[in-house]
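K.L.:
Got a predicted model here, sequence first, then my questions.
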Amino acid sequence: MVSKFTKNIFCIGLGTLLSALILSACVGPEEIPKPKNLIPEDKYIDLMVEIQHIITYRNANVDSSIDVDSLKLVVYENYDVTEEQYATSHQYYQRHVEQQVKRIGEALERLQAEEKYIQAHIDSAIEANALQDSLMQADTTLDKQQELNPKSIEKN
């Protein structure tokens, strides 16, 4: 079963790829000069992952009191970049379609790995709760048996 999170990631990735392809078709083969403040690729990919988390959060929490733009500013601050620097780097990287497809693929792999990690913890918590419920039910059953026949329990 494909989760809503995975569908959201796929749609964002596909949309970005299509935008990059359209943009590259319009720009033509000329080389775009590298911006002076270009974010290194590894940091750029980290930022794409973080921004995708924010987009997913926004889509899941429509009535949230937390402003999505303020979350983005916190991410930019944590990575020591500006919003303008990210936008400029994003435009530059999008114009190099083949490499951008690889960067997006890496970001998607990270997001999917995070989803699996989180799902494993959720499953573990569900199992732990089920075990705790079973133990509580067994304890309640034992208490009832002891109330009905206290001597039979004491002999064991």
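P.N.:
On my side now, so go ahead.

K.L.:
name the element residue 77 belongs to?
P.N.:
Assigned by DSSP states H and E, residue 77 belongs to helix 68-78.

K.L.:
Identify each of the strands in this structure and give its residue range.
P.N.:
For the chain, strands defined by DSSP state E do not occur.

K.L.:
Now do the helix holding residue 77, average pLDDT.
P.N.:
Averaging pLDDT along helix 68-78 gives 91.

K.L.:
Okay, now the unreliable bits of this protein?
P.N.:
Filtered on pLDDT under 70, the chain yields the residue ranges 1-30, 62-64, 142, 150-156.

K.L.:
Which helix runs longest in it?
P.N.:
The single longest helix within the chain, with elements called by DSSP state H, is helix 97-148.

K.L.:
just checking, what packs against that one?
P.N.:
helix 4-27, helix 41-60, helix 83-94, helix 150-155 (3 or more C-beta pairs under 8 Å, 6 or more residues apart in numbering; DSSP states H and E). Backbone N, C-alpha and C define where each C-beta goes, glycine included.

K.L.:
relative orientation of that helix and helix 83-94 in degrees?
P.N.:
110 degrees (axes from the mean of the first three to the mean of the last three C-alpha atoms, to 10 degrees).

K.L.:
From the chain's centre, how far out is helix 97-148? Work that out for me.
P.N.:
Here helix 97-148 is found 16 Å from its chain centre; the criterion is C-alpha atoms, centre = their mean, to the nearest Å.

K.L.:
Could you give the number of residues near residue 79?
P.N.:
16 (other C-beta atoms under 10 Å).

K.L.:
show me the contacts for it.
P.N.:
43, 46, 47, 50 (C-beta atoms under 8 Å, 6 or more residues apart in numbering).

K.L.:
mind checking how far the last one is from residue 147?
P.N.:
To tie it back to what came earlier, the one meant is residue 50. Look at residue 50 and residue 147: by C-beta to C-beta, to the nearest Å, they are 57 Å apart.
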